[in-house]
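J.: I would like the atomic coordinates for the input below:
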Amino acid sequence: MKVQTMLKRAAALTSGALVISASSSVTIAEEDTTLTTTSSVTETATADVTTAAGTEAVSEVSDEKEDRDITMPEDWEKADVSDYGSSLSLVSYELATPEMAKVGEPVDPYAGLSEEERKALEESIAKKKNALRKATPTLSKHAATSHTKEPTVVERVTSGAAVGDIPAERTAPDVEEQPGKFAFVTYGWGHGVGMSQNGANFYAAYAGWTYQDILYHYYPGTELMNTEETEEEELTIAHQPAGDTLKVVSEIVNREVGGSFSYEAIKAQAVAVYTYLKYNGDDSSDLRGKPDPPQIVIDACNDVLGEALFYDGSYALTVFSASSGGCSANCYEVFYADYPYLRSVPSDFDAAFDPHWGTVTYMSAEDVKKKLESLYHVTLSDDPGNWIQPVYSEETGYVTEVCIDGQTTVKGYPFSQRMGLKSSKFNLTYTYD
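T.: Next up, the predicted model:
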């Protein structure tokens, strides 16, 4: 006998699926996260400013967070890029939970101090803040939204090409019934919000789309403009000077997709990378470069150098992931923040071509029990079939929440990360002993 929890039909998944969700009362678990942001319109992995979930910001996972360091099998590679990084997503985030919006009683840090001691402490704090500003000069609202020159509109050059005939999707992967084990089937790789890198490559290769077709598809409602700042700006990687704009962008693009992608897909990636740096105050945030990019990457980046996506007069948050399992995710379903241009759109060729469409991962009940009890501080019941109860998005098929044994509910994306799954678009099966 087995209990199955399966995805509802989404863009690239099979039909006739059954969703099992808990009806018992649950509580929303607090994630072990820290919400950080550079300003009201930007977000970054390492800024030291803490804010509440009510602001429109998405928080990031710090590279040093031990509970996010998930080592993936070596064969989990994106398309044919041989040296893709080990993280589950190219741009990774922590969640802003509702609990973070709660405000407690104000605390006076100077309580009990004399006037002289208070003044000395204030001066010390001011010096530390000034030192921090000098160390990270671009992490400010001004740097993220102002321009030394007025941006110019980039001429729209789109192919006008329809997607055309889409090959039939592959058959669903075979799932073995292994007694005492869970079988997870994931679709895509990463958080799925924004541009799918593999999806962009498929559109360029099979539909003949230009880089602008790709960008306007995955970031609807944005406008492509040239910042006219590339000759004078100083981009940084992890807040450290990294060279001129072409060098910084091409090295990051080299690490993200390399030279094996279609030329227009590489150009789309270059614009997404550059916009992301500008959004984060000219810093790479959690993106990193790979030196010595091939000439095709340098040429593609040079073709679109200075071009960035804007929304409502500000830089767009151009997040991306490796692949998106048939459609991208709505930002508000994966994270708590909502951006009008980060809404679900099709990724039409995934079911036919994406190597991460339908990855099967087996875990023993013993291992799952240890992970869940350790991560979420619960004592599970004796019924493994009740331990993981996903709640699915009716629109996209992504797991928005997971009810754990009827005791607590957590967001789907960090759950998938902590369990070592490629994506929060998954179904699962448990086979009893």
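
J.: Doesn't residue 332 belong to a helix?
T.: Yes - per DSSP: H, G, I helix; E, B strand; the rest coil, residue 332 lies within a helix segment.

J.: Count the neighbours of the residue lying closest to it once chain neighbours are set aside for me.
T.: In space, and not counting its chain neighbours, residue 332 is closest to residue 338: 4.0 Å by CB to CB, 6 or more residues apart in numbering. All C-beta spots, glycine's among them, are computed from the backbone N, C-alpha and C. Neighbours of residue 338 under the rule other CB atoms under 10 Å: 13.

J.: The residue nearest to residue 154 when sequence neighbours are not counted bridge partners, please.
T.: Leaving out its chain neighbours, the residue that sits closest to residue 154 by CB to CB, 6+ apart is residue 224, at 4.4 Å. Counting by DSSP bridges, residue 224 forms beta bridges with residue 309.

J.: Counting neighbours, what do you get for residue 224?
T.: Residue 224 - counted by other CB under 10 Å - has 23 other residues nearby.

J.: Next up, the contacts around it.
T.: 153-154, 156, 212, 215-216, 271, 307-310 (CB atoms under 8 Å, 6 or more residues apart in numbering).

J.: which element is residue 401 on?
T.: Per DSSP states H and E, residue 401 falls inside strand 399-404.

J.: Adjacent strands (with direction) for that strand?
T.: Strand pairing (DSSP bridges) places strand 399-404 next to strand 388-392 (antiparallel), strand 408-411 (antiparallel).

J.: and among those strands, the most buried is which?
T.: strand 388-392 (a mean of 22; mean count of other CB atoms under 10 Å).

J.: ranges for the helices of this protein?
T.: Under the criterion DSSP state H, the chain contains helices at 115-135, 141-145, 197-206, 211-218, 245-256, 263-279, 295-303, 331-334, 350-353, 365-376, 412-418.

J.: Let's have the contacts of residue 224 in TSV, adding distance to residue 115.
T.: Formatted as TSV, those follow (distance: CB to CB, whole Å):
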residue	distance to residue 115
153	57
154	58
156	63
212	62
215	57
216	60
271	55
307	55
308	50
309	52
310	49
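
J.: So for residue 191, which of the strands paired with strand 399-404 sits nearest?
T.: Closest approach to residue 191 among the strands paired with strand 399-404 (CB to CB): strand 408-411, 10.9 Å.

J.: for the closest one, what is the average pLDDT?
T.: Mean pLDDT, strand 408-411: 95.

J.: Compute the distance between the residue nearest to residue 237 when sequence neighbours are not counted and residue 273, please.
T.: Nearest residue to residue 237 in three dimensions, chain neighbours excluded: residue 284, at 4.3 Å (CB to CB, 6+ apart). Distance of residue 284 to residue 273, given as CB to CB, to the nearest Å: 8 Å.

J.: Neighbour count: the two, which is higher?
T.: Neighbours were tallied for residue 284 and for residue 273 using other CB under 10 Å; the higher tally belongs to residue 273 (27 against 24).

J.: Just to check, that one is in contact with residue 252?
T.: Yes - contact between residue 273 and residue 252 holds when scored by CB atoms under 8 Å: they sit 4.9 Å apart.

J.: between those two, what contacts are shared?
T.: Taking CB under 8 Å, 6+ apart as the contact rule, residue 273 and residue 252 both touch residue 287.

J.: picking up where we left off before, worst average pLDDT in the helices of the chain?
T.: Across the helices of the chain, helix 141-145 gives the lowest mean pLDDT, at a mean of 40.

J.: mind checking which of the strands paired with strand 399-404 is nearest residue 377?
T.: Among the strands paired with strand 399-404, strand 408-411 sits nearest to residue 377 (CB to CB), with 8.6 Å.

J.: Take the closest one, keep the C-alpha atoms, and write them as PDB.
T.: Only the C-alpha atoms of strand 408-411 are listed here, as PDB (Å, rounded to 0.1, in the frame of the first residue of the first chain):
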ATOM      1  CA  THR A 408       3.300  23.100  11.500                       C
ATOM      2  CA  THR A 409       3.200  24.700   8.100                       C
ATOM      3  CA  VAL A 410       6.300  26.000   6.300                       C
ATOM      4  CA  LYS A 411       6.900  27.700   2.900                       C
END
